[in-house]
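[1] pasted the sequence and its predicted model underneath.
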Amino acid sequence: MNALKQYIDLYDESREVIEQQSPALLNNLRRIAREQLENARLPRKGSEDYEATDLEEVFGHDYGVNVNRLPFDVDLSETFHCDVPNMSTCLYYSSNDAFHSSATAERNIGQVVVEPFSMAAVDYPELMEAYYGKLARMSDPTVALNSLLVQDGLLIYVPDGIVAERPIQLVNIFNAALDMMVQRRLLIVVGKNASIKFLACDHTQSPDYHYLNNQVVEIVAMQGSTIDYYDMEESTPFTRRVSSIYVTQHEGSNVLIDGITLTNGFTRNNYHVEVNGEHAVTQLLGMTIASGEQHVDSHTFISHNAPRCHSNEMFKYVLNDKAVGAFAGKILVKPNCPRVEAYQGNRNLCGAPTAKMYTKPQLEIYTDDVMCSHGSAVGQLDEEALFYMRTRGIGIDEARRLLMQAFVADVIDGVRLDALKDRLHYLVEKRFAGTLSNCAGCLTACRSN
């Protein structure tokens, strides 16, 4: 079985149509991707770094692909209201594989640029040429597949010295009445001493169909820049997602990436960070709450290529029922990079004996005079704490919820947007109480500005 072959054949049959609807820049990379995929195979369960994940199975389903870019007849501003209360955002939508702006967004927010690739290739050709496809590794077959089939994407560009006044929010929605795979692509470039906060939310409106989001995000943090990238998933049991985020940091940059999975079907998140300048700061956080037969797999790689940098990484999982979690994290400190501080942690709570967690933390250090640590732990709820709480009149279910909320609280507290932090505490409380249905927090409680 080679799940990639059906998509390679689709491209070969539809190449003219695909390339006619795409900028030349995307088509140039597409041809390289086609060569890369010629003999590529998707990893199977049990292979290195994919112990718990079978991507052949994930991509093997017979998904539809919108090669002809047919529009979907839906008014997202009327059918979907997703915004965090008390936080004014510039709101954009991705409906399946097409981008839309809302009433709260403008094409250029101040001097911040938010444009589809089809426009950015004309308006900012040098920027696109410099960075599109330069970070993401084509040796990963999921990245190569994205580059082969993607027909548009979204550029977020913050020029030097500009501080984005409002967070940028992108709501990715599946709402097609058929099984479907989409290729989503983002390029975020933040200039010298510039700053931005970005929130991506993944949702599914049609729970009866099988969807696959194969996503690639490239983030460039220039000298002295600050970037917050929050990634929240609330989808359905039939929704699958493979997300690859690539980051390059220059001198003095500060990057926070926080991935949050509340409800899903299958998720594989890849994070690849290259720290290329002194005094750069990296925070990489992740939180997963999984039950039923949900599957969440996170693979992280932070490479310290410059001295005097700091990285802090923490991923936490709470697994119940037959949920499966996996974490494989690696920190690399290259030669001649002294005074690096790098910390990695993975903490996991299995609330049922049928839940499974795979964990593999790693350090690879080639320099003296560093401070680095890593560790992982898998455990259950503290029986003594449960007993203590019950002796004080707290019911067993509530006691379990309180302990699980406390377990993930520090990851939520790492959020640097107060309104989002408060909202996450509320959503997590509902999730543990079993009252958060798919997208319920946004569909019932939020209203776009």
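    Sure thing, it's come through. Numbering: from 1, shown residues only.
[2] quick one: contacts for L10?
    By C-beta atoms under 8 Å, 6 or more residues apart in numbering, the residues touching L10 are V65, V67, L149. Just so you know, the C-beta spots here come from the backbone N, C-alpha and C atoms, and that holds for glycine as well.
[3] so it sits in a helix?
    Yes. Counting by DSSP: H, G, I helix; E, B strand; the rest coil, L10 is part of a helix.
[4] how near is it to Y63?
    The gap separating L10 from Y63 is 10 Å, by C-beta to C-beta, to the nearest Å.
[5] my read: C201 touches P167, true?
    No. C201 is beyond contact range of P167, at 11.7 Å (criterion: C-beta atoms under 8 Å).
[6] so for these two, which sits in the more crowded spot?
    C201 (23 against 20; other C-beta atoms under 10 Å).
[7] once you drop chain neighbours, what's closest to I227?
    The shortest distance from I227 to any non-neighbouring residue, by C-beta to C-beta, 6 or more residues apart in numbering, is to V255 (4.9 Å).
[8] follow-up on the earlier one: turn the contacts of L10 into CSV, columns for secondary structure.
    Output for the contacts of L10, formatted as CSV (three-state DSSP):
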residue, secondary structure
V65, coil
V67, coil
L149, helix
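[9] of these - the most surrounded one?
    L149 leads the contacts of L10 on contacts (other C-beta under 10 Å) with 24 neighbours.
[10] how close does that one sit to V65?
    Taking C-beta to C-beta, one finds L149 at 7 Å from V65.
[11] so, low pLDDT: which residues of the stretch 301-449 of the chain?
    388, 436-449 (pLDDT under 70).
[12] which residues in it form helices?
    Along the stretch 301-449 of the chain, the stretches classed as helices by DSSP state H, counting those that start in this stretch are 383-391, 396-413, 418-433, 440-445.
[13] counting contacts, what elements does the first one pack onto?
    In other words, helix 383-391. helix 396-413 (3 or more C-beta pairs under 8 Å, 6 or more residues apart in numbering; DSSP states H and E).
[14] and the helix it packs on, what does it pack onto?
    Packed next to helix 396-413, using 3+ C-beta pairs under 8 Å, 6+ apart, are strand 281-290, strand 310-319, strand 341-350, helix 383-391, helix 418-433.
[15] try it again at 6 Å.
    Helices and strands touching helix 396-413, as assessed by 3 or more C-beta pairs under 6 Å, 6 or more residues apart in numbering; DSSP states H and E, comprise strand 281-290, strand 310-319, helix 418-433.
[16] in the longest one, what's buried?
    Within helix 418-433, the residues scored as buried using 16 or more other C-beta atoms under 10 Å are A419, L420, K421, D422, R423, L424, H425, L427, V428, K430, R431, F432.
[17] again, but for the second one
    Burial within strand 310-319, assessed by neighbour count using 16+ other C-beta under 10 Å, is assigned to H310, S311, N312, E313, M314, F315, K316, Y317, V318, L319.
[18] quick one: the third one and T282 touch, right?
    No. The criterion here is C-beta atoms under 6 Å, and N312 misses it with T282 at 7.3 Å.
[19] how about the strands in the stretch 101-250 of the chain?
    108-109, 112-116, 154-158, 168-174, 180-190, 195-204, 211-221, 226-234, 239-249 (DSSP state E, counting those that start in this stretch).
[20] turn those into TSV, including distance to N336 and mean pLDDT.
    TSV is the format used below for the strands of the stretch 101-250 of the chain (distance: least, C-beta to C-beta, whole Å; pLDDT from 0 to 100):
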stretch	distance to N336	mean pLDDT
strand 108-109	41	58
strand 112-116	37	93
strand 154-158	31	96
strand 168-174	37	92
strand 180-190	27	97
strand 195-204	30	95
strand 211-221	22	98
strand 226-234	26	96
strand 239-249	18	98
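[21] right, and those strands - which one's nearest A355?
    With distances scored as C-beta to C-beta, the stretch of the strands of the stretch 101-250 of the chain nearest to A355 is strand 226-234 (18.8 Å).
[22] can you list the strands that the closest one pairs with?
    Here strand 226-234 has these sheet partners by DSSP bridges: strand 195-204 (parallel), strand 254-263 (parallel).
[23] let me have those strands in a markdown table, extended by distance to F59.
    Below are the strands paired with strand 226-234 laid out as a markdown table (distance: least, C-beta to C-beta, whole Å):
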| stretch | distance to F59 |
| --- | --- |
| strand 195-204 | 18 |
| strand 254-263 | 20 |
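[24] out of those strands, flag the one nearest S14.
    Evaluated over those, closeness to S14 peaks at strand 195-204, with 26.0 Å, by C-beta to C-beta.
[25] show me what that closest one is in contact with.
    Strand 195-204 has contacts (C-beta atoms under 6 Å, 6 or more residues apart in numbering) with 82, 158, 163-164, 167-174, 190, 226-236, 239, 439.
[26] just the buried subset of these, please.
    Here, 16+ other C-beta under 10 Å leaves 82, 158, 164, 167-174, 190, 226-236, 239, 439 buried among the contacts of strand 195-204.
[27] how about low-confidence regions in the stretch 51-200 of the chain?
    73-87, 102-110.
[28] how about 80 then?
    Residue ranges of the stretch 51-200 of the chain with pLDDT under 80: 51, 71-88, 100-110.
[29] convert the C-alpha atoms of stretch 167-186 to CSV, please.
    This file holds the C-alpha atoms of stretch 167-186, laid out as CSV (Å, rounded to 0.1, in the frame of the first residue of the first chain):
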residue,chain,number,x,y,z
PRO,A,167,-4.4,39.8,17.5
ILE,A,168,-4.9,38.1,14.1
GLN,A,169,-7.4,35.2,14.3
LEU,A,170,-7.8,32.6,11.6
VAL,A,171,-10.7,30.1,12.0
ASN,A,172,-10.2,27.0,9.9
ILE,A,173,-13.6,25.3,9.2
PHE,A,174,-14.5,22.0,7.5
ASN,A,175,-18.1,22.3,6.2
ALA,A,176,-18.2,20.3,3.0
ALA,A,177,-20.9,17.6,2.6
LEU,A,178,-18.4,15.0,1.4
ASP,A,179,-15.2,13.4,2.6
MET,A,180,-12.5,15.8,1.9
MET,A,181,-8.8,16.5,2.2
VAL,A,182,-7.4,20.1,2.2
GLN,A,183,-3.9,21.5,2.0
ARG,A,184,-3.6,24.6,4.2
ARG,A,185,-0.5,26.8,4.1
LEU,A,186,0.6,29.8,6.2
